[in-house]
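A.B. asks: how would this look folded up:
(4 chains)
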2 protein chains.
Amino acid sequence: MHSSWKVGPLAQASGLTVRTLHHWDAIGLLSPSSRTAGGHREYTEGDLARLYQILALRSLGLSLETIATCLDSGVDPVRLIHDHLAKVQESVDVLQTLRTRLTTLLDALSAGRTPGTDALLDALRAIGSVAPQAEDALKDHLADEQIEVLRTRSASLGPALHYLLEVEWPELYRRADRLRTEGAPATDPRVRRVVGRMDELSALFTGGDQAISQGVRTAWRENPGAMSGTPAPASDEWSALADFLDEARRTR
Amino acid sequence: MHSSWKVGPLAQASGLTVRTLHHWDAIGLLSPSSRTAGGHREYTEGDLARLYQILALRSLGLSLETIATCLDSGVDPVRLIHDHLAKVQESVDVLQTLRTRLTTLLDALSAGRTPGTDALLDALRAIGSVAPQAEDALKDHLADEQIEVLRTRSASLGPALHYLLEVEWPELYRRADRLRTEGAPATDPRVRRVVGRMDELSALFTGGDQAISQGVRTAWRENPGAMSGTPAPASDEWSALADFLDEARRTR
DNA sequence: CTTGCAGCCTTACGCGACGTCAGGTTCAAG
DNA sequence: CTTGAACCTGACGTCGCGTAAGGCTGCAAG
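C.D. replies: A predicted model of the protein is given here:
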């Protein structure tokens, strides 16, 4: 009646693999109480009880080492579960944030061919309408030329455009804001690098036209949500970052 | 003006470690365009552009291999992001489910010293009240004795009790239900093992008293939510599982 | 008793993205 | 030229096993 199990049947019964049971034996998590003369593992009923406890704790997402500690040395279960829950919650939060970013990005990508460019153009047009009335006609004309430049540039960049506009740009934005909130000065080499790369990207679109670059920057400041590809930050935070970047640009 | 960077300053500027840059070089993700005569890495501006692209894509949670493929061979960004989002969403769902289970478990654990035991006792009392009136007094008396047995047992089990009641028990419950919904017959050895272990746990509390064991099983059937430690399943699902377990017990 | 074959054994590499030495070489300042 | 900081390559560890490779055991049939 005191049945013993070999690895194969036990793996079958428990839904695990033989390799897993070998592994658990190797790390001392679950070692069979006895062996045959030839060295074959023999799991007893007591081993099975432990196996079920391991499965239960594993289903909570605990590491094998943690499980071993629990079963062998005894740990306060409340604190154990509490701490583990905190870690899980943290992972969830991180993934949720990532999911939001991916969703936003995917919306932008699938909404149009080059949504980032459209946002750029919209922003440029908005800038034009804010300009002094006396120069409206000229600015409109200039904007048309600028738009043409942007369209040509966009076409020549091809697929890389998506990454640049929808991925790298927001990344630069986030990096800059992180540095700012960490208290880095505008003269910090890391800040300068980020600003430099931003201007590089800008140059890719404007073809080096300073007027257009300035227009894009202004547009960005006026309408951050459409340009950054990320949820619009608080306006005061935003202008603080814009000031920060401008300062970095000046003191370069 | 054509600046070149060594690993140290570049790591400093980018927030990475030297080791990471070495690694990215080793796997061909980001190799410096040149080296000094002595073999020191020299990163050019072009390398920096690639570095920023890598950082951007990495911040989306993509694997280094995927990033390399994107940058070197060009992949449809929409599908890339879409597929990746699906994986992230799946991870979120899994973790959310786990979080819910952990929260429920933690509530149960921190509500009282031995909430599972209280639930057991409550269930036993409920059973008593359902019993035929003619035997009420006797059953009440019997219940008191039973309660005393359970209390003694709980005390002697110590911390392991929590695992048994709040972790292993629900795990057994889930395993049994999984087997049932997979269509396994009540005579399946895996089912028998689960039922056997359930009865072992039951025996731990009742001290082998069949009357108490039966009472606990009945209580469980009457009030599954309080006993299983998991969200109460649909009642029809529940009774189907109870029937399944009873059948497995009979045909053993 | 021997053969056969299924199932068991140990050993070891692989994954992913690096951290962390260890032991030796190169660079730039003084 | 010397010194010390920064650089180099190589290798092992992480975590939970998957996936062989090559050999041994155990049970049944001949």
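
A.B. asks: only C-alpha atoms for contact and neighbour calcs from this point on.
C.D. replies: OK.

A.B. asks: ok, now which ones touch the closest residue to A:Arg50 other than its chain neighbours?
C.D. replies: The shortest distance from A:Arg50 to any non-neighbouring residue, by CA to CA, 6 or more residues apart in numbering or on different chains, is to A:Leu30 (7.4 Å). A:Leu30 is in contact with A:21, A:24, A:47, A:50-51, counting by CA atoms under 8 Å, 6 or more residues apart in numbering or on different chains.

A.B. asks: would you turn those into JSON lines with neighbour count?
C.D. replies: JSON lines is the format used below for the contacts of A:Leu30 (neighbours: other CA atoms under 10 Å in any protein chain shown):
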{"residue": "A:Leu21", "neighbour count": "19"}
{"residue": "A:Trp24", "neighbour count": "17"}
{"residue": "A:Asp47", "neighbour count": "17"}
{"residue": "A:Arg50", "neighbour count": "15"}
{"residue": "A:Leu51", "neighbour count": "20"}
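
A.B. asks: which one among these gets closest to A:Ala186?
C.D. replies: Proximity of the contacts of A:Leu30 to A:Ala186 (CA to CA) peaks at A:Trp24, which lies at 53.9 Å.

A.B. asks: re the thing from before, Validate this expectation: the residue nearest to A:Arg50 resides in a helix.
C.D. replies: No - counting by DSSP: H, G, I helix; E, B strand; the rest coil, one finds A:Leu30 to be coil, located in no helix.

A.B. asks: Mind pulling the model confidence for it?
C.D. replies: pLDDT for A:Leu30: 97.

A.B. asks: Relative to chain B, how far out is it?
C.D. replies: To chain B, A:Leu30 is 16 Å away according to CA to the nearest CA, to the nearest Å.

A.B. asks: A:Leu10 too?
C.D. replies: 9 Å.

A.B. asks: what's the answer for A:Asp188, then?
C.D. replies: Distance from A:Asp188 to chain B, by CA to the nearest CA: 9 Å.

A.B. asks: what's around that residue, how many residues?
C.D. replies: Counted with other CA atoms under 10 Å in any protein chain shown, the neighbours of A:Asp188 add up to 15.

A.B. asks: what do you get for the one 10 residues further on?
C.D. replies: Burial of A:Met198, expressed as a neighbour count using other CA under 10 Å, amounts to 17.

A.B. asks: repeat for A:Ser31
C.D. replies: Neighbour tally, A:Ser31, other CA under 10 Å: 19.

A.B. asks: Apart from its neighbours in sequence, what residue is nearest it?
C.D. replies: Using CA to CA, 6+ apart, the closest residue to A:Ser31 is A:Asp25 (4.5 Å).

A.B. asks: what helix or strand is that neighbour on?
C.D. replies: helix A:18-26 (DSSP states H and E).

A.B. asks: By average pLDDT, which secondary structure element in chain A comes out worst?
C.D. replies: helix A:115-130 (a mean of 42; mean pLDDT, DSSP states H and E).

A.B. asks: hmm, back to that, okay, the contacts of A:Leu30 in TSV with pLDDT and distance to DNA strand C next?
C.D. replies: Formatted as TSV, the contacts of A:Leu30 follow (pLDDT from 0 to 100; distance: CA to the nearest atom of the strand, whole Å):
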residue	pLDDT	distance to DNA strand C
A:Leu21	98	8
A:Trp24	98	11
A:Asp47	92	14
A:Arg50	90	18
A:Leu51	92	16
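
A.B. asks: any idea how far A:Leu29 is from A:Leu51?
C.D. replies: From A:Leu51 over to A:Leu29 the distance is 9 Å, taken as CA to CA, to the nearest Å.
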